[in-house]
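Student: Have a look at this prediction, sequence included:
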Amino acid sequence: MAVKRPKSAGAFTLIEVIAAILILSIAVLGTSGYRYYAALDARKATMHTTAAGIGLLLCESWRGLSDPNTFNPDTYFGSDLAIAPITGFTWSAYEGFTPLGGYIVVADGCDYYALLSWKDVGTGLRALNVVVAWTYRGQVVTSIADIDKSFELTTYTSY
């Protein structure tokens, strides 16, 4: 008499299990990479938006004064904005522009470096230039080479 063997009950082989683990591992790594770069890009966008806001705030506040030569942001804003003059770091202003000063602005836990400069472009017309720079890595800036990104804003005023 012949003995019948029972059919396989649908079990997985070792190779099928390893292939499934490999596919899931690749999917998890891809998702983790996507989440990391999405968070990094969101942080960079936030820093850029903050720098643009700082540049606009400085530029428009400076423009609103009757005498643009007297603008001093660290005394103008008082304790409303964490701002201080830059020490130990000099920037060269754009060609033809006269530097007014450099400042460190602390916002959202990041340091932003602002350079204010001006240039007379016509009789009674002055260009006011604000450059805001920052680093993504959060290191201390000691030279222009340390800066990762910058935002420039120019406006005009009569004096």
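Tutor: On my side now, so go ahead. Residues are numbered from 1 along each chain as shown.
Student: how many other residues sit next to residue 145?
Tutor: 6 (other CB atoms under 10 Å). In short, each C-beta sits where N, CA and C put it, glycine included.
Student: Pretty sure residue 19 sits in a strand.
Tutor: No. Counting by DSSP: H, G, I helix; E, B strand; the rest coil, residue 19 falls outside a strand, being helix.
Student: any chance you could map the strands in this structure?
Tutor: 82-85, 98-107, 110-122, 125-134, 149-158 (DSSP state E).
Student: The third one - which strands sit beside it in the sheet, and in what orientation?
Tutor: In this case it means strand 110-122. strand 98-107 (antiparallel), strand 125-134 (antiparallel) (DSSP bridges).
Student: Same question for the first one.
Tutor: According to DSSP bridges, strand 82-85 forms sheet pairs with strand 98-107 (antiparallel).
Student: Buried by neighbour count: which residues of the partner strand qualify?
Tutor: 100, 102, 103, 104, 105, 107 (16 or more other CB atoms under 10 Å).
Student: so which of the strands paired with strand 110-122 gets nearest residue 47?
Tutor: Minimum separation from residue 47 across these (CB to CB) falls at strand 125-134, 5.9 Å.
Student: Distance across stretch 138-157, terminal residue to terminal residue?
Tutor: Stretch 138-157 has its terminal residues 34 Å apart, counting by CA to CA, to the nearest Å.
Student: circling back: ranking the strands of the chain by mean neighbour count, which comes first?
Tutor: strand 125-134 (a mean of 22; mean count of other CB atoms under 10 Å).
Student: That strand to strand 149-158, inter-axis angle?
Tutor: 160 degrees (axes from the mean of the first three to the mean of the last three CA atoms, to 10 degrees).
Student: centre of the chain versus strand 125-134, how much separation?
Tutor: Here strand 125-134 is found 17 Å from its chain centre; the criterion is CA atoms, centre = their mean, to the nearest Å.
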